[in-house]
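K.L.:
coords below, sequence missing:
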Ligand SMILES: Nc1ncnc2c1ncn2[C@@H]1O[C@H](COP(=O)(O)OP(=O)(O)OP(=O)(O)O)[C@@H](O)[C@H]1O
Ligand SMILES: Nc1ncnc2c1ncn2[C@@H]1O[C@H](COP(=O)(O)OP(=O)(O)OP(=O)(O)O)[C@@H](O)[C@H]1O
Ligand SMILES: [Mg+2]
Ligand SMILES: [Mg+2]
């Protein structure tokens, strides 16, 4: 194959979902050896585009050529046979399988018709080591892995085949900086070997670190293509969102003096150890730390989803019973969980029903739900968040990832909460929407609501928080003022003292 | 229960957004029913297509129908209740033991026994965390054993219970009373499922129990409740059945669970939970009752009936697929 | 290769999760079986605890056991096969029609018929997209109807088929031959499920069909195949049963599906798919066979047996929960 | 309460003494030494329950410690139960098989091991599989019913037949006898316009009959295969208000049905199929175990077949049979 024929060529692709035209004639190409970044706001059609290439969905019109040859559409095994390897945005592993089995699902090494398990395990170990995760055991069940580790397994799976084209749909969303850096190392090496890479991310700073060219997609169309990777950030944002986003972060919340939430010595072995903190009305408290530090578990304990081994949680001075999220909600706490798909939403339900689930009583008179009132109220909240689409009758599954996140947030907007616990609220959310969510958080705190934000993006924590708590290996190890904290400072608390130098070195 | 004028009014907004409520599957079942009626009319003429026979079909369907309404709630939570057939027998016998205390006591006893057995199912499943299939399979055996034991294996005559017999054989404005009971149960079920927070919670628990819990739904309590509901429906079905038979037989109700589950599933409620439709269930019940009635009228040999019934079920479902 | 400091955190809870091959549930069932044997020994002494009786129990369990192995695959894909009981009868009768052609033809016909019926199930479910519950319920009726029709409603004597009868009553090195067949089927099932790509595909399809499809698994083909497998197992079970009874009866096999499903589920295979254990299924089969045998030996009245059996099932599962 | 067990050691030590006593007493006296096992399908139905109860009562009366298995719902289960029973090496095995054909091999196995088998009701397919058969006459019930219908209807009319479980011998024989007899007597004068199984279950009987009535308004009578199931059929007739137009018959001989026959209702007759045959079987077992013949019979051995006649019970003779009702 000559070098100038693109590795992948997508011509005039359209994709019509029932009621939605996700792609409206997209042209796109990837050359061998380049990393081509794909940007675009939530719902732009990025995932749809790459799913057409990987064979998961069949495009309505248009054609796809790999190495100049037409690719049969709608058949994942065909795409894989042609050297297309894909890491999907939503985790796509069978959780019931072991790590090695997941990685080799569909192309198991065989001996005498049986799986060659030792070969599978050896190759799995090699792959995981290459990704810096020799610690993930080949025999572990995928179900038992943290989301981040599952993502690593997904990546390993894509690499387990001989790929010519590697597609990565927001692989970094749930990885921490160190892991992302390792991943980039692998990607760079593959590109050097002539593999073409499509890289999708909402973290714009990653573009110049890894990308060669950039294509921006918006509303199912290419709005810019072939941009150099060092295009200034502001310009990219403007192309994506169609407007300038001057100020990502609103004014910092000040907070008041009255303590709303008081967490005292909460422990849950082995992930949370003796955590105590207070949150005041009108304050935004950020919780930072490395992936796996135990932040999610801490929020679950506060919310009453899990029962702590020791410790108590007080809301407005009154103790919350453990293990009773329903009581926590009644008393005014809301939680937007980290994994919206498995924990936040009923994907088969309409947006309206998802938003109203925690506050049905508001629409109920004499035991009877008023569907009209429900639809109106939920629609209003969805519009407030600029959800696309904002039709309350749409099925949640059909929304793009970022918009699904907004549906979860809308639920707690609908209910007047005293305390909001947000676990990675902007994961997978585009810049425009991020700005909206930040604005929203600021608004809520201005109304006197206490907000707790868990985030893996240090920048976000610094931009938003009144105070930042740092969690490390289950303990709250530091408290910093949001205004004055620096990234280096945050990181040095987040990693174990002995490793500090290494990390600071690596992340620069 | 008072019927407030608000009821029809609250219904009104539905048409505007009806696309989802009355879905393709329901339409398909309506088509299946229409085809059955046409074919039946051609083959059997007026002995099939007559008000009398339709009421007969619906009256017969009403017993399994009541069970199917309760089963819809159970299946909506991704559960299953295999014990309803046995519970019908046990409830009937439990009531029958009080035959000398009059009609009301019979009914109270039958319903209370159903609730009690359902509560055992519910407790084992929600608090004991036993898989519904196994818990209700155990109850299938236990309830049948109880029915045999309490009745000393002999049917109990309920000839003296006029009101109970009325439920089986009476009429309200020429409509068979058991059909009226079924329709009332179905209507309550519909309201409960589609218009009350409880119904939302039931479907939420079936769709994604973890998400439901995080949203504040008391998952265990909901799980418990649907089995109690199913037990209550078994009690109601027992009253209807005993009323028709004028006796409480410990061997009755055999395999009703399969009929009820089949009606629910063919109606479009997903066995995986999270999707439930009462209208579909009612249509499913009618479909099965019609098929059975038609085959009996045609007086086919039993083996041909079975093959035909199997074939019709398959065809009906394939037709549904096609149209959705 | 640089190991980032974050890495070690990823595997923190890992060790606890490893040795999961022989899991808690299996241990619990072993405990249940041990308890049953101890209780049985106390109550019934040597008529229960004897090599003879244990072989007897195992031989009795082997017919449902073979069905349960096939059912494990079906359930692993989140499906269900309600038709196995009827298929056993139909396969036996299909073989019985060839009784004059000798033992081999009987066996070939029985297995082939099982495969054919299973293929119809599989086609309806995988390509026709009919819910497994409904498709196999239809087959339950169809296969029973076929069995009655082909046999003209009369059992067919297989007295002349010595080899077939050997499968029911013979021995290999003092081990009952039907037990040997069961163990061989179980062993093949174990290898297939745990050591071949096919087995992984089955589990993957049950666990997350979309993810399996994305990985290039031919989901429909896998779905189709498990029902064929289940049909084949019904054919094998038919040979064992007919051998045991020296006749092919059109009414045999009734409700075997419930026994098989119960054994699979109590063994730890999840009805929601994605988790399957052949060892658990075998233990589940043995548990049920032991309970049945013990109750028979104790000579309790049928109603008390039913209540006791239900109670034991509940207790066994609750014990499993406790220990896991 | 029975003398047999008191004298146990006596009778065992002085066998000659018993020989001189009256044959009947002799049987009773030695009975407690005979090991009897009893197997029947699950007794969850009136007739089967009566059958099991009668056997147990007789065993108690004779002082026999009888092992009973009566919970099988399928032939294979029953075969398993019998296997279990014969591990105890009883002298005599009394079996009412769920189906004759499929249970023949186990019975044969018992015989081969020297265990005498008494076969109740449904006949094994090999004569070598039992020593004695004691049975009601299923075909005879059909024949008696055929005669009754022919007489009552004067060989003219439409009837419905509600059968038991399709595919088992009881059903097929009761059906065949009826069909053969009305053909023989009336040669087409009586038409069976509907013929459906209702699995011996009253609720199914009710539903099936309701449907049949929808189509066949011109039925004069219904022949049902069972009294319990017939109660459902009767309910359908009464619910439709047709009790004065349609009459029916049962089979078995339950007390409830006999009472209804006596009162005068849609029930006109039932055909005895006496569950006391199991008591007789146990009695025969006690004789067989002691290697004795039937008292009063010249033959030294128990006869190989005893077929009880299928008596027609009607209003006229119902009082006479009431005590046999179950
Ligand atoms: N299965 C589906 N059915 C209907 N509409 C869908 C479906 N999947 C996606 N869509 C719609 O297609 C459009 C594009 O979605 P897509 O997931 O490709 O967006 P995206 O660019 O990947 O967004 P994000 O950055 O949030 O991941 C959205 O409007 C979405 O609502
Ligand atoms: N080893 C594990 N096995 C299974 N689940 C885990 C494991 N570790 C963490 N989890 C779950 O994964 C989620 C995240 O873990 P945790 O709370 O420890 O980290 P975190 O600081 O919130 O990091 P993250 O950025 O990954 O959310 C939580 O839901 C937690 O319960
Ligand atoms: Mg996307
Ligand atoms: Mg987290």
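P.N.:
Arrived safely, thanks for sending. Since the model is a prediction, treat every value here as computed from it, not as a measurement. Ligands and ions are numbered 1, 2, ... in the order given.

K.L.:
Residues of chain A that sit close to ligand 4?
P.N.:
Residues of chain A lying close to ligand 4 (C-beta under 5 Å from the ion) are A:296, A:338. C-beta coordinates here come from the backbone N, C-alpha and C atoms, glycine included.

K.L.:
Give the burial count for the one residue in chain A that gets nearest to chain D, as a bare number.
P.N.:
With C-beta to the nearest C-beta, the shortest gap between chain A and chain D falls at residue A:96, namely 34.6 Å. Residues near residue A:96, counting by other C-beta atoms under 10 Å in any protein chain shown, number 24.

K.L.:
Tell me the backbone dihedrals of it, please.
P.N.:
phi -80, psi -10 (degrees, to the nearest 10).

K.L.:
Read off the pLDDT value for the closest residue to chain A within chain D.
P.N.:
Closest approach between chain D and chain A, counting by C-beta to the nearest C-beta: residue D:76, at 34.6 Å. Looking at residue D:76, its pLDDT stands at 81.

K.L.:
and what of residue B:267?
P.N.:
90.

K.L.:
Contact partners for it?
P.N.:
B:25-26, B:29, B:68, B:72, B:277, B:279-285 (C-beta atoms under 8 Å, 6 or more residues apart in numbering or on different chains).

K.L.:
Scan those residues and report the most crowded one.
P.N.:
residue B:68 (35 neighbours).

K.L.:
List the buried residues in the strand or helix carrying it.
P.N.:
Per DSSP states H and E, residue B:68 falls inside helix B:51-76. Residues B:53-76 are the ones in helix B:51-76 that count as buried (16 or more other C-beta atoms under 10 Å in any protein chain shown).

K.L.:
quick one, phi psi at residue D:296?
P.N.:
Per degrees, to the nearest 10, the backbone of residue D:296 is at phi 90, psi -20.

K.L.:
burial count for it?
P.N.:
As a burial measure, residue D:296 scores 7 neighbours (other C-beta under 10 Å).

K.L.:
now swap in residue B:45 and tell me
P.N.:
Going by other C-beta under 10 Å, the residues that sit close to residue B:45 add up to 12.

K.L.:
next one: phi and psi at it?
P.N.:
Dihedral angles (degrees, to the nearest 10) for residue B:45: phi 60, psi -140.

K.L.:
Also residue A:385?
P.N.:
Here residue A:385 shows phi and psi, under degrees, to the nearest 10, equal to phi -90, psi 0.

K.L.:
Go ahead and confirm it touches residue A:443.
P.N.:
No: if you go by C-beta atoms under 8 Å, residue A:385 and residue A:443 don't touch, sitting 11.3 Å apart.

K.L.:
all helices in the stretch 301-450 of chain A, in order from the N-terminus.
P.N.:
A:325-331, A:351-356, A:371-384, A:401-414, A:431-446 (DSSP state H, counting those that start in this stretch).

K.L.:
Mean neighbour count for these - can I get that in JSON lines?
P.N.:
JSON lines is the format used below for the helices of the stretch 301-450 of chain A (neighbours: other C-beta atoms under 10 Å in any protein chain shown):
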{"stretch": "helix A:325-331", "mean neighbour count": "19"}
{"stretch": "helix A:351-356", "mean neighbour count": "28"}
{"stretch": "helix A:371-384", "mean neighbour count": "20"}
{"stretch": "helix A:401-414", "mean neighbour count": "25"}
{"stretch": "helix A:431-446", "mean neighbour count": "20"}
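
K.L.:
of all these, which lies closest to ligand 1?
P.N.:
Closest to ligand 1 of these, according to C-beta to the nearest ligand atom: helix A:401-414, at 3.7 Å.

K.L.:
could you give me the average pLDDT of that closest one?
P.N.:
87.

K.L.:
Do any residues in that helix lie close to chain C?
P.N.:
No: Helix A:401-414 stays clear of chain C (C-beta under 8 Å from any C-beta of the partner chain), getting no nearer than 15.8 Å.

K.L.:
what helices or strands is the helix or strand residue B:264 falls within leaning on?
P.N.:
Assigned by DSSP H and E, residue B:264 falls within helix B:256-266. Contact here means 3 or more C-beta pairs under 8 Å, 6 or more residues apart in numbering or on different chains; DSSP states H and E; on that basis helix B:256-266 packs against helix B:51-76, helix B:84-96, helix B:278-298, helix B:302-323, helix C:132-151.

K.L.:
Residue 285: what secondary structure?
P.N.:
Because you didn't say which chain, this covers chain A. Here residue A:285 takes the strand state, with states given by DSSP: H, G, I helix; E, B strand; the rest coil.

K.L.:
and the residue in the stretch 101-250 of chain A that ligand 4 sits nearest to, how many neighbours does it have?
P.N.:
Of the residues in the stretch 101-250 of chain A, the one nearest ligand 4 is residue A:147, at a distance of 7.7 Å by C-beta to the ion. Residue A:147 is flanked by 18 other residues according to other C-beta under 10 Å.

K.L.:
close enough to count as contact, it and residue A:339?
P.N.:
Yes: using C-beta under 8 Å, residue A:147 is in contact with residue A:339, at 6.5 Å.
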